[in-house]
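Peer 1: kindly return the folded structure for what I paste below:
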Amino acid sequence: MRAEKRTAMRATFSLVALLVAGAAFASDWPQWRGPKRTGIASAPAPASWPRSLTKSWQVEVGLGHSTPVVQGERVFQFSRQGEREVARALEPSTGATLWEQSYDARYAMNPAAASHGKGPKSTPLFFEGKLFTLGIAGTLSALDAATGRVLWRTDFADRFTATSPLYGSAASPMVAGGKLLIHLGGPGKGALMALDPESGKLVWTFDGDGPGYSSPIVFTLERTEQVVTQTDAHIVSVDLGSGKLLWRIPFTTPYDQNIVTPVAHGSRLIFSGLDSDTFAVEPKLEDDGFQPKEVWRAPTTFYMSSPVLAGGRLLGFSNQKKGQVVALDPKTGKSLWESEGRLGDNGAVVLWGNWLLVLTSGGELLVLEADAESFSPVGRHAVADTPTWAHPVPTSSGILVKDESGLSLWKLVP
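Peer 2: Predicted coordinates:
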């Protein structure tokens, strides 16, 4: 009887541990654009939108556009203080610093982008107890997420003449198939790389264009896992296992500002960029390999903001009309509705349940029903007095907002 009781207790404890781990995972935001790099939050969303938001805490963390990362009972922020880049772990309930780790990161920003500051721009990645960061000048670090201890670090200065593009590194790392994926290098010359997350050693490299400011995704088609991203001159797809080029499309924008993260929609991929239409491509497997076929093209442009898919719609923040929220049919590219203009230089877009969160660069959080038939915000909240370029991050405790130099948590007030 005692043995049966101990077995039952162990089973109960195991179930509780799994439930706790599942609850923590359900609220995590471990990388660029969330759990699946789609801009969709996993934290439980409110059934109805509250009347207001109240600031629970705010702390100074430093400059930069990097979005906070959430994993379990830790918030991780990557930012700049003076001439150093700083990674830190924070307590979600108070914002108190648990650890911080920094290194010298002197950088001369291109005058054309001086108003955006010296970064960092790349969002960290949490993976299996490690935090990976990419600095403005191309320094890639792997840290122990529990302590901040440096596991390995490299700047690739021995490989590339320039280790970052014109306006600084912005691509955010990801892990797929046990490989750490990142695009590194400078204008006109770089490499899309797969590294061993444990050691930083090279697994494969696809040499060619310099990086754009876009972040890669992994897209599976015809049983082939493809790493897809925008370089400074092309859209490319390479095989996840080998790094072999699968297909490539010429794609350029003014001043090489290829920024938007690709959006996967079924067997298609959706792309856009500054002064470029939004268009969908379907790679077809033919006798001589994959051939990308354009499916539709629409005169809507996305510049620095990557759209999200929600309920059969592509929702995003266009730079047209000096900033507007738009909804497109992802099957055809047809415009479904668009907002008023002059909403701001940029809007970071996140889907939280049926709520579309749009954080404008002016510090206003717009909240819309994702299935609305028009631009009809259910909430407009001032959440910062300084510019906001990072994504808002929904958590079980509230919404994290990174402004010019601070990080705050906003609780929902019924």
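Peer 1: Leu357 reaches Pro392, doesn't it?
Peer 2: Yes: between Leu357 and Pro392 there is a contact under C-beta atoms under 8 Å: 5.2 Å. (C-beta placed from N, C-alpha, C; glycine too.)
Peer 1: list the buried ones in the helix or strand where Leu246 lies?
Peer 2: Using DSSP states H and E, Leu246 maps to strand 245-250. Neighbour-count burial for strand 245-250, counted by 16 or more other C-beta atoms under 10 Å, picks out 246-249.
Peer 1: just the residues contacting it, thanks.
Peer 2: 206, 224, 226, 233-239, 281, 283, 289-292 (C-beta atoms under 8 Å, 6 or more residues apart in numbering).
Peer 1: and those, which two are furthest apart?
Peer 2: Greatest spatial distance among these (C-beta to C-beta): Thr224 and Ala233, at 23.7 Å.
Peer 1: so these two - more neighbours on which side?
Peer 2: The neighbour count for Thr224 versus Ala233, taken as other C-beta atoms under 10 Å, is higher for Ala233 (19 against 15).
Peer 1: of all the buried residues of strand 245-250, which comes closest to Asp104?
Peer 2: So of those, ranked by how close each gets to Asp104 (C-beta to C-beta), first place is Arg248, at 37.0 Å.
Peer 1: model confidence for the closest one, exactly?
Peer 2: On pLDDT, Arg248 comes in at 98.
Peer 1: what's the spacing between it and Pro120?
Peer 2: 29 Å (C-beta to C-beta, to the nearest Å).
Peer 1: likewise Arg159?
Peer 2: 20 Å.
Peer 1: likewise for Ala45?
Peer 2: Computed as C-beta to C-beta, the Ala45 to Pro120 distance reads 29 Å.
Peer 1: would you turn the buried residues of strand 245-250 into TSV with distance to Ser115?
Peer 2: Listed next are the buried residues of strand 245-250 as TSV, based on distance: C-beta to C-beta, whole Å:
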residue	distance to Ser115
Leu246	38
Trp247	37
Arg248	33
Ile249	31
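Peer 1: just name the closest of the residues you listed to Thr301, please.
Peer 2: Distances from Thr301 to these, taken as C-beta to C-beta, are shortest for Ile249 (17.0 Å).
Peer 1: what is the neighbour count of the residue nearest to Gly177 when sequence neighbours are not counted?
Peer 2: In this structure, Gly177 finds its nearest non-sequential neighbour in Leu240, 5.1 Å apart by C-beta to C-beta, 6 or more residues apart in numbering. By other C-beta under 10 Å, the residues close to Leu240 number 22.
Peer 1: and for the one 3 residues further on?
Peer 2: For Gly243, the neighbour count with other C-beta under 10 Å is 20.
Peer 1: could you find the closest non-adjacent residue to it?
Peer 2: Using C-beta to C-beta, 6+ apart, the nearest residue to Gly243 is Trp204, at 3.4 Å.
Peer 1: could you check the angle strand 245-250 makes with the strand or helix carrying the one you found?
Peer 2: Here Trp204, judged by DSSP H and E, is contained in strand 202-208. Angle of strand 202-208 versus strand 245-250, following axes from the mean of the first three to the mean of the last three C-alpha atoms, to 10 degrees, is 30 degrees.
Peer 1: by contact count, what packs against strand 202-208?
Peer 2: Contacts defined by 3 or more C-beta pairs under 8 Å, 6 or more residues apart in numbering; DSSP states H and E place strand 202-208 against strand 189-195, strand 234-239.
Peer 1: now for those strands, which one comes closest to Leu328?
Peer 2: Of all those, strand 234-239 sits nearest to Leu328, with 18.8 Å by C-beta to C-beta.
Peer 1: that closest one to strand 189-195, inter-axis angle?
Peer 2: Here the directions of strand 234-239 and strand 189-195 differ by 30 degrees (the same axes, to 10 degrees).
Peer 1: what about strand 234-239, average pLDDT?
Peer 2: Mean predicted confidence for strand 234-239 is 98.
Peer 1: repeat for stretch 161-174
Peer 2: On average, stretch 161-174 scores 96.
Peer 1: and stretch 71-78, by the same measure?
Peer 2: 97.
Peer 1: stretch 109-123 now?
Peer 2: In this model, stretch 109-123 has an average pLDDT of 93.
Peer 1: list the contacts of Gly119.
Peer 2: Counting by C-beta under 8 Å, 6+ apart, Gly119 has contacts 63-66, 80, 85, 107, 135-136, 168-170.
Peer 1: all set now, cheers.
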